[in-house]
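> return atomic coordinates for the entry below.
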Amino acid sequence: MSATAQQYDVIRKPIITEKSTLASENGAVVFEVAMSASKPAIKDAVEALFGVKVKAVNTTITKGKVKKFRGRPGKRRDVKKAYVTLVEGNTIDVSTGL
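Numbering: from 1, shown residues only. You can find the predicted model right below:
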């Protein structure tokens with residue numbers, strides 16, 4: 001597996017919500033990442049894929065809700081998000097896609 005493929009395994013997709021848009025005004029970008037991804041691995045992947053300098057990485061794990069699917073109880077998957085703060089002057093445009 002190539003290095004780029006491993007980095008795409010760490011970073012799954014950008015998250016575009018109201019909260020992430022507010023974070024982007026402060027120089028942060030929000031990504032959905034693999035549950036097993038560590039903060040140093042996330043930092044290396046973002047720097048390699050987008051060619052930017054990362055200042056800090058904060059992560060949060062959201063537990064999946066129990067919901068009903070077609071009348072039967074089911075559970076949504078757990079999601080790990082990474083709030084990546086970039087060094088001043090660096091930007092990532094997530095609206096154009098990876």
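> which residues touch Ser36?
Going by C-beta atoms under 8 Å, 6 or more residues apart in numbering, Ser36 touches no other residue. Any C-beta I mention is one placed from the backbone N, CA and C, and that applies to glycine too.
> hang on, it in a strand?
No: when classified by DSSP: H, G, I helix; E, B strand; the rest coil, Ser36 is found to be coil rather than part of a strand.
> which strands or helices does the strand or helix carrying Ala5 pack on?
Using DSSP states H and E, Ala5 sits within helix 3-10. Where contact means 3 or more C-beta pairs under 8 Å, 6 or more residues apart in numbering; DSSP states H and E, helix 3-10 is packed against helix 39-50.
> geometric centre of this structure: which residue is closest?
Centroid-nearest residue in the chain, with C-alpha atoms, centre = their mean: Phe31, separated by 1.5 Å.
> mind listing what it touches?
Shown in contact with Phe31 (C-beta under 8 Å, 6+ apart): 11-15, 42, 46, 81-82, 84.
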